[in-house]
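# the sequence isn't on hand, but the structure is:
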């Protein structure tokens, strides 16, 4: 049985690799990866240089306003995530203990605004939009195409079992996609290895390997989805139409819809309302400044809890799409995810409140230190999303097998 599966897989993979369409697509993906890495590595170098210069010069405050920012994350060149959000400067005013996450957010430097319009896609975007679509195009006619050509009935003229045929087709399409993905991985790993300024350690290479594995699991979902649609319809055009609708609506549209649903189900007040509540506190009778500060902090804590509640609900809803699980897993491994942004925010809050309790020493350098999540913590949080990706893989393969077992092969 295994030999038969392998024979079918090799035949399917050879057909894909012999296709000019897939060869051209693989070349374009490799070129896009090179261009993306070039731009993102250059951007990281600029941001890291600015961070180091500011740190060396002791510019951790502006007058009586401390300013803090998280150090740039090297693996943001693979999964940008919330890196731009985390890299912003947080200015903390003396008279205002806490605003949104405790600071006025300001961008550092004066970048070219066109970089915001024409953002370079990272590896996650390339897999998410291009390689997933290629997987659908490779699998949508794997079964119904043979039915239209009249070769499907000939294949089952012998004692071949349908489950073996489906497994061989799935493996063959996947091998063709791996043949496109492996050169991209080689370009990424080779280029990062030749960039000593990134300072990648052994732990970082494990994170990179995790990103690659998640990318492969995400591509497998669309391979199996393509086989399911190919077994469901008699004509390739019908299968392709359904797959494109699912790719746009379920793969992309649902994540945007979940944002709106989260905003509607768990609303939180505007920042102006929070500021109004704090302004009203100034009319109160506080014996000491810290009494006023604690009252403001209570308002801030309630606001932050509401924001985090909306984030948690939105993440739960969006995980009904494999795109969300893929983005969350890769961002977590790259330390550019939601939990990393919340960790930095909470570290700033704890540090600032402690400083206010003991009194800021304005003549000294601001003693703020921040450490990101460890690899063990990242893996603890990423297993759930990896499990969801595996679940979708199994679901669509089972659906393809179930449909094919009940369809006429003539």
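Received, thanks. What you see is a predicted model; the values in this text were computed from it and never measured.
# show the pLDDT at the residue nearest the centre of the chain.
Central residue of the chain (C-alpha atoms, centre = their mean): residue 327, 2.3 Å from the mean position. On pLDDT, residue 327 comes in at 93.
# can you list the low-confidence ranges for this protein?
Where the chain drops to pLDDT under 70, the residues are 54-67, 84-118, 283-284, 360-367, 408, 410.
# one step back: tell me the secondary structure at the residue nearest to the centre of the chain.
helix (DSSP: H, G, I helix; E, B strand; the rest coil).
# so it versus residue 308, what's the distance?
19 Å (C-beta to C-beta, to the nearest Å). For every residue, glycine as well, the C-beta is placed using N, CA and C.
# pull the residues that contact stretch 389-404.
Contact partners of stretch 389-404, identified using C-beta atoms under 8 Å, 6 or more residues apart in numbering, comprise 143, 162-163, 165-166, 170, 214, 217-218, 220-221, 224-225, 227-228, 230-232, 322, 325-326, 329.
# recalculate using a threshold of 7 Å.
Stretch 389-404 has contacts (C-beta atoms under 7 Å, 6 or more residues apart in numbering) with 143, 162-163, 166, 170, 214, 217-218, 220-221, 224-225, 227-228, 231-232, 322, 325-326.
# which ones among the residues you listed lie within helices?
Among the contacts of stretch 389-404, DSSP state H puts 162-163, 166, 170, 214, 217-218, 220-221, 224-225, 227-228, 231-232, 322, 325-326 in helices.
# restrict the contacts of stretch 389-404 to the buried ones and give me that as a ChimeraX selection.
Listed next is the ChimeraX selection for buried residues among the contacts of stretch 389-404, using 16 or more other C-beta atoms under 10 Å:
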select :143,162,166,170,214,217,218,220,221,224,225,227,228,231,232,322,325,326
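# one step back: ok, the residue nearest to the residue nearest to the centre of the chain when sequence neighbours are not counted - contacts?
Spatial nearest neighbour of residue 327, excluding adjacent residues (C-beta to C-beta, 6 or more residues apart in numbering): residue 124 at 6.6 Å. Counting by C-beta under 7 Å, 6+ apart, residue 124 makes contact with 78-79, 327, 330.
# most neighbours among those, which one?
residue 330 (31 neighbours; other C-beta atoms under 10 Å).
# does that residue fall in a helix, a strand, or a coil region?
Recorded secondary structure, residue 330: helix (three-state DSSP).
# use 55 as the first number for this chain going forward.
Got it, the first residue is 55 from now on, which makes the last one we talked about residue 384.
# residues contacting it?
Applying C-beta under 7 Å, 6+ apart, we find residue 384 in contact with 133, 178, 265, 268.
# could you pull out the helices for the stretch 55-204 of the chain?
Counting by DSSP state H, counting those that start in this stretch, the stretch 55-204 of the chain has helices at residues 56-71, 74-110, 137-140, 168-171, 177-179, 186-193, 198-203.
# got JSON lines for the contacts of residue 178, with distance to residue 191 too?
Listed next are these as JSON lines, based on distance: C-beta to C-beta, whole Å:
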{"residue": "132", "distance to residue 191": "25"}
{"residue": "133", "distance to residue 191": "25"}
{"residue": "381", "distance to residue 191": "22"}
{"residue": "384", "distance to residue 191": "23"}
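# isn't residue 129 up against residue 389?
Yes: if you go by C-beta atoms under 7 Å, residue 129 and residue 389 touch, sitting 6.5 Å apart.
# got the residue ranges for the strands in this protein?
In the chain, the strands defined using DSSP state E lie at 115-116, 119-122, 143-145, 158-160.
# which one of the contacts of residue 384 is nearest to residue 315?
Of all the contacts of residue 384, residue 178 has the smallest distance to residue 315: 23.6 Å, by C-beta to C-beta.
# what about the residue nearest to residue 432 when sequence neighbours are not counted, how many residues nearby?
Leaving aside its chain neighbours, residue 432 sits nearest to residue 386 (5.3 Å; criterion: C-beta to C-beta, 6+ apart). By other C-beta under 10 Å, 28 other residues sit near residue 386.
# repeat that for residue 339.
Residues lying near residue 339 (other C-beta under 10 Å) number 6.
# ok, it - contacts?
For residue 339, the contact set (C-beta under 7 Å, 6+ apart) is empty.
# and it, how close does it get to residue 332?
When distance is defined by C-beta to C-beta, residue 339 is 16 Å away from residue 332.
# again, but for residue 432
Distance check for residue 432 against residue 332: by C-beta to C-beta, it reads 36 Å.
# neighbour count for the two, which is higher?
The neighbour count for residue 432 versus residue 332, taken as other C-beta under 10 Å, is higher for residue 432 (24 against 18).
# correct me, but that one touches residue 383?
No: using C-beta under 7 Å as the test, residue 432 is too far from residue 383 to be in contact (9.5 Å).
# now residue 264: how far from residue 423?
Separation of residue 264 from residue 423 (C-beta to C-beta): 27 Å.
# what do you get for residue 226?
Applying C-beta to C-beta, the value for residue 226 to residue 423 is 52 Å.
# if anything else comes up later, I'll come back, but that's it for now.
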